[in-house]
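Engineer: Next come a sequence and a model predicted from it.
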Amino acid sequence: MGLYFYNSLTRQSEPFRAIEDSEVGMYTCGPTVYDFAHIGNLRAYVFEDLLRRTLKYRGYGIRQVMNLTDVDDKTICNSMQAGTSLRDFTQQYKDAFFQDLDTLNIERAEVYPEATEHVSQMIELVETLVEKGYAYATDDGCVYFSIAQYQEYGKLSGVDTSELQHGARVKHDEYAKESVADFALWKAWEKSDGDVWWNSPWGPGRPGWHVECSAMSMEYLGKTFDIHTGGMDNVFPHHEDEIAQSEAANECRFVNYWLHCSHLIVEGKKMSKSLGNFYTLRDLLAAGYSGREVRWVLMGTHYRQQLNFTFQGLQDARSALQRIDDFVLRLQENAAEEVAMTDEVKAEIERAEQAFCSALEDDLNISRAIGVLFDLVREMNRIMDNAEIGQAVRKRTLDTLRTFDKVLGCLHIDGEQQIPQEVQRLVEERQEARKNKDFQTADSIRDQMAAQGWIVEDTPSGPRVKPQ
RNA sequence: GGCGCGGUAGCCAAGCGGUAAGGCAGGGGUCUGCAAAACCUCGAAUCACCGGUUCGAAUCCGGUCCGCGCCUCCA
């Protein structure tokens, strides 16, 4: 059927057509590095990783750009409170961010531009907008984008600028804006900014938030590119403003497909520090969960669906992954003899591969894809229960799982688990005892192994050893 | 107030006009020295509720209730 995405811009599912198949340009809104990422942020990054991996799986080349916002109000404020330079302050969270990506097995983007390294490009963009009459400078040294000048403003979010609720969180008197909906492209230096400022044609100051993504996407992906993603909350104003800036300045389409990911709630409630249900990845690791368990949970719900993150869900993930691990282990056991692949097996595998792919093609329907995976696990287990299967089938099935894992990124197929000699010796001793019908000794050896973190299971073809 | 999303078994979650995938948990069974794993099997008589459209609706339309999001820098 081909790849389909739900495009926020048109509010419907559309077939994906890349500008160039060899390299899909993708801009994914990245972290503001003033704190550790929380699981809500990470859900978005996992979603973007799934998107990236699915595109690759379908044969596209990728050029993904993810910005690191290392200057904004909060970042400046927090760094001053911490008494460190903006650079040192953000560096620790940049490092933490990449650690989190690794823990969740999120593939690296091709480029991670930092806002503070691209201020000159942002200034250029603002200058262009001023020249073209889309932006105006005020007496206090700020520059604003004039919504009134840009006819199509609101086309992404559907907001009617004339009906924007005034005053909710804006201090009217703070800025000399022509219209409340106008947004800052350049913010004049204030005392609270400390030593954080850059020179500009409008005096010292720093770029507005929205302009960074327009300038950096243009720098690394060109004026028009394929996909732009982010959280639902970015639709307005952030992405709306990006469209306005970019299309006004470049006089061409900015982005072809906008994909937005829904938020998550925790144990049925909105995640918030005051409710005590606010978690970073570190919190979950400290509680004994692994990165892949967290990845499984964050990935398992369709990205446009609100995800209910629960500790029960993490437990469930552990069990589900264990089921797959056991299946992989079973496939990896040496088959005594070569048994040809039957048509039944071949058909089963091909059907699974086909169904897995078409599920993902349908706007990344991961839940359906995972269902296909488990269908395959059950069918192949059934086949193995009923007949001896040979190496060819095992290899073919493992290859299929490897292919699935290119997208899922959390199956353990080729990680070699070395069984310590000591444990191996216990297994042999236990086998000896079992042969002599000395089950008391056999069971006590099993307990001994368990104490060392190893499980032994008896199968028709001999003992199977796996870590606890 | 404006705009938008969602409510499916004990829990998580697909399905979005043709009679309810999958995972976890639970009951029963097969296998096993015992286990474990695996397989088989049982389980939704309100798919939030009320109307409507249709031969047929969890799926479409209208209303109600509940949860959630955005409305100036929050994924």
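Structural biologist: On my side now, so go ahead. Numbers count the residues shown, from 1 in each chain, chains lettered A, B, ... in the order given.
Engineer: okay, CA-based contacts and neighbour counts for the rest of this
Structural biologist: Noted.
Engineer: Skipping adjacent residues, who's closest to residue A:341 in space?
Structural biologist: Nearest residue to residue A:341, sequence neighbours excluded (C-alpha to C-alpha, 6 or more residues apart in numbering): residue A:393, at 5.7 Å.
Engineer: ugh, typo on my part, it should be residue A:235
Structural biologist: residue A:157 (5.9 Å).
Engineer: Name all residues that make contact with the one you found.
Structural biologist: A:9, A:235-237, A:240 (C-alpha atoms under 8 Å, 6 or more residues apart in numbering).
Engineer: give me that answer again for 7 Å
Structural biologist: A:235-236, A:240 (C-alpha atoms under 7 Å, 6 or more residues apart in numbering).
Engineer: in which helix or strand would I find the residue nearest to residue A:341?
Structural biologist: helix A:391-408 (DSSP states H and E).
Engineer: for residue A:329, same thing?
Structural biologist: Counting by DSSP H and E, residue A:329 is part of helix A:311-332.
Engineer: Would you mind getting the angle between that helix and helix A:391-408?
Structural biologist: 150 degrees (axes from the mean of the first three to the mean of the last three C-alpha atoms, to 10 degrees).
Engineer: Any buried residues in helix A:311-332, and which?
Structural biologist: A:313-314, A:317-318, A:321, A:324-325, A:327-328, A:331 (16 or more other C-alpha atoms under 10 Å).
Engineer: just stretch A:134-152 next, same as before
Structural biologist: A:134-137, A:141-147, A:150.
Engineer: Where in chain A is the helix or strand with the lowest mean pLDDT?
Structural biologist: Least confident element among the helices and strands of chain A, by mean pLDDT, DSSP states H and E: strand A:269-270 (a mean of 85).
Engineer: Are any of the contacts of residue A:157 buried, and if so which?
Structural biologist: Judged by 16+ other C-alpha under 10 Å, buried ones among the contacts of residue A:157: A:235, A:240.
Engineer: CSV for the contacts of residue A:157, including pLDDT?
Structural biologist: As requested, the contacts of residue A:157 are arranged in CSV below (pLDDT from 0 to 100):
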residue, pLDDT
A:235, 91
A:236, 89
A:240, 93
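Engineer: mind listing the helices for chain A?
Structural biologist: A:39-57, A:73-82, A:86-103, A:119-131, A:209-221, A:240-250, A:281-286, A:291-300, A:311-332, A:343-361, A:366-386, A:391-408, A:421-435, A:439-451 (DSSP state H).
Engineer: Start from the N-terminal end of the stretch 101-250 of chain A and give the strands.
Structural biologist: A:135-137, A:143-145, A:183-188, A:205-207, A:225-231 (DSSP state E, counting those that start in this stretch).
Engineer: Return the most buried member of these.
Structural biologist: strand A:143-145 (a mean of 27; mean count of other C-alpha atoms under 10 Å).
Engineer: So is it next to RNA strand B?
Structural biologist: No: on the criterion C-alpha under 7 Å from any atom of the strand, strand A:143-145 is out of touch with RNA strand B, staying 9.6 Å away.
Engineer: returning to that earlier point: check which residues of the helix holding residue A:393 are buried.
Structural biologist: Residues of helix A:391-408 classed as buried: A:391, A:393-394, A:396-398, A:400-402, A:404, A:407-408 (neighbour count, 16+ other C-alpha under 10 Å).
Engineer: which residues touch that helix?
Structural biologist: With C-alpha under 7 Å, 6+ apart as the criterion, helix A:391-408 contacts A:50, A:53-54, A:57, A:331, A:335, A:338, A:341, A:349, A:411, A:413.
Engineer: okay, among those residues, which ones form the most distant pair?
Structural biologist: Spatial extent of the contacts of helix A:391-408 (C-alpha to C-alpha) is set by the pair A:50 and A:338 at 36.9 Å.
Engineer: Those two: which is more packed in?
Structural biologist: residue A:50 (23 against 12; other C-alpha atoms under 10 Å).
Engineer: In space, what's closest to the more buried one - neighbours in sequence excluded?
Structural biologist: Leaving aside its sequence neighbours, residue A:50 sits nearest to residue A:407 (C-alpha to C-alpha, 6+ apart; 6.3 Å).
Engineer: now do residue A:457
Structural biologist: Closest to residue A:457 by C-alpha to C-alpha, 6+ apart is residue A:464, at 5.0 Å.
Engineer: and the gap between the nearest residue to residue A:149 once chain neighbours are set aside and RNA strand B?
Structural biologist: Distances taken as C-alpha to C-alpha, 6+ apart put residue A:134 closest to residue A:149, at 5.7 Å, once the chain neighbours are dropped. Per C-alpha to the nearest atom of the strand, to the nearest Å, residue A:134 is found 15 Å from RNA strand B.
Engineer: pretty sure residue A:145 contacts residue A:187?
Structural biologist: No: contact between residue A:145 and residue A:187 fails when scored by C-alpha atoms under 7 Å: they sit 11.7 Å apart.
Engineer: that older thread, so which of the buried residues of helix A:311-332 are also by RNA strand B?
Structural biologist: Within the buried residues of helix A:311-332, those near RNA strand B by C-alpha under 7 Å from any atom of the strand are A:313, A:317, A:327.
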